[in-house]
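Show me the folded form of this:
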Amino acid sequence: MKKRINIWIVSAALLLLLVAAMVLCSGVGVVRFDRQELLQSPIFWNLRLPRIILSVLVGAMLSVCGGVYQSVFRNPLTDPYVLGISSGASLGAAIAILLGWEAHLWGVGGMALFTALLTILLIFRVASMGNRMHTTTLLLTGVCLTFLISAVISLMMAMRQDKMESIIFWTMGSFASASWFDVWLLIPIAVIGLFVVIFYSKDLNLLLAGSETAQSLGVEVEKVRRRLLFITTLMVAFSVSTCGVIGFVGLVVPHCVRLVCGADNRRIIPYSIFIGALFLLLCDTLARTLIPPNELPVGSITSLVGAPMFIYLLYKSKRRI
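Residues are numbered from 1 along each chain as shown. Model prediction:
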């Protein structure tokens with residue numbers, strides 16, 4: 001009971017910190033306003049505010065998805081980007097763009113979900129050895145799929161150069177075209193997805209002990225695993241459909257939370273929601289303010305942080321691989 005109260009207190013503090021950061025970041029940009037002008041400006045309401053909210057939603061979802069993958073696959077080196085799931089979703093988004101489905105409500109997001117699910121099914125088929133996932137095979141499968149999908153997307157851009165700029169947007173990751181439509185599309189997916197993951201956080205702890213142990217303790221392992229992988233892939237796919245591929249958020253945030261709070265997913269999941277949202281909000285603020293009036297792809301900022309972290313984790317775990 002005391003532990004649950006502490007989780008609520010820490011989560012409330014993180015929420016207040018996130019809201020404060022959103023308020024501060026809303027006043028930062030190429031166009032600067034005082035407080036009265038800010039609330040009356042169409043630039044704030046139509047461009048900056050939806051961008052801030054979208055970065056918060058995507059940061060929360062990607063962080064939680066990374067934490068789930070690390071528990072399901074029992075590997076701290078996994079996240080949607082490293083496994084190639086984000087790339088798989090970007091392939092679907094690129095196909096939808098070529099087919100002119102951007103105007104359809106589920107056009108880009110639905111195709112991104114379809115190809116992301118195919119990607120994770122392929123990873124399961126290749127990396128599974130009985131009831132176990134071999135770490136080396138898992139990582140190599142993700143890397144190979146990422147390269148393969150990148151090659152396919154490059155060929156698509158070469159054949160349809162009129163769509164090249166739109167496709168490049170997905171491969172680099174950016175919130176530059178964020179809109180209220182994207183925000184309202186992601187809110188129900190984020191709320192449902194995060195609720196489901198929090199609901200299964202205790203089962204995630206048992207999955208870390210191994211499938212047989214979790215089964216003996218009453219967890220329906222395959223059902224829980226399928227549900228969690230589906231809901232997290234859904235969140236990744238729609239995140240990619242709105243802002244493109246943003247790497248390493250799901251790797252960095254859950255791992256940092258784990259270092260501070262331990263391996264209990266009942267803490268990792270809720271804390272990752274707020275810290276992931278704050279991390280991507282700050283990265284996007286840097287991306288749009290470092291070289292004004294131009295801006296950097298936010299994916300490049302997160303990769304500058306995440307790639308060294310991935311190398312460190314790989315080095316640390318090399319004896320087990």
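
Which residues are in contact with the residue nearest the centre of the chain?
By C-alpha atoms, centre = their mean, the chain has its centre lying nearest to residue 62, at 2.0 Å. Contact analysis of residue 62 by C-beta atoms under 8 Å, 6 or more residues apart in numbering lists 79-80, 235-236, 239, 246, 249-250, 276, 280. Every C-beta, even on glycine, is put in place using the N, C-alpha and C of the backbone.

Now with 6 Å, please.
249-250 (C-beta atoms under 6 Å, 6 or more residues apart in numbering).

distance between stretch 201-210 and the chain's centre?
Taking C-alpha atoms, centre = their mean, to the nearest Å, one finds stretch 201-210 lying 21 Å from the centre of the chain it belongs to.

that older thread, how near is the residue nearest to the centre of the chain to residue 114?
For residue 62, the distance to residue 114 (C-beta to C-beta, to the nearest Å) stands at 19 Å.

And for residue 138?
22 Å.

More neighbours: which of these two?
residue 138 (22 against 17; other C-beta atoms under 10 Å).

Check which helix or strand the more buried one maps to.
In this assignment (DSSP states H and E), residue 138 forms part of helix 135-159.

same for that helix, what does it pack against?
Where contact means 3 or more C-beta pairs under 6 Å, 6 or more residues apart in numbering; DSSP states H and E, helix 135-159 is packed against helix 85-98, helix 107-127.

List the buried residues in it.
Residues of helix 135-159 classed as buried by neighbour count (16 or more other C-beta atoms under 10 Å): 135, 138-139, 141-142, 145-146, 149-150, 153, 156-157.

Follow the chain on from it and name the next helix or strand.
helix 164-172.

Same list, the helices and strands packed on helix 135-159, but as CSV with distance to residue 198 and mean pLDDT please.
Formatted as CSV, the helices and strands packed on helix 135-159 follow (distance: least, C-beta to C-beta, whole Å; pLDDT from 0 to 100):
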stretch, distance to residue 198, mean pLDDT
helix 85-98, 21, 85
helix 107-127, 21, 81
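
Which one of those helices lies nearest to residue 26?
In terms of C-beta to C-beta, the element of the helices and strands packed on helix 135-159 nearest to residue 26 is helix 107-127, at 26.5 Å.

give me the low-pLDDT residue ranges for the protein?
Along the chain, the parts satisfying pLDDT under 70 run over 1-5, 33-36, 103-106, 128-136, 169-170, 314, 317-321.

quick one: secondary structure of residue 246?
With DSSP: H, G, I helix; E, B strand; the rest coil as the basis, residue 246 sits in coil.

That one touches residue 171, doesn't it?
No. With contact defined as C-beta atoms under 6 Å, residue 246 does not count as touching residue 171 (10.8 Å).

who's more crowded, those two?
The neighbour count for residue 246 versus residue 171, taken as other C-beta under 10 Å, is higher for residue 246 (31 against 20).

how close does that one sit to residue 191?
Residue 246 is 20 Å from residue 191, by C-beta to C-beta.

And for residue 160?
36 Å.

Quick check: which element contains residue 14?
Using DSSP H and E, residue 14 sits within helix 2-26.

Who are the packing partners of that helix?
Applying 3+ C-beta pairs under 6 Å, 6+ apart, one finds that helix 2-26 contacts helix 49-72, helix 265-289.

Residues contacting the longest one, please?
This means helix 265-289. Counting by C-beta under 6 Å, 6+ apart, 7, 11, 14-15, 18, 21, 25, 28, 55-56, 59-60, 63-64, 67, 71, 175, 197-198, 201, 204-205, 249, 253-254, 257-258, 261, 295-296, 298, 301-302 sit against helix 265-289.
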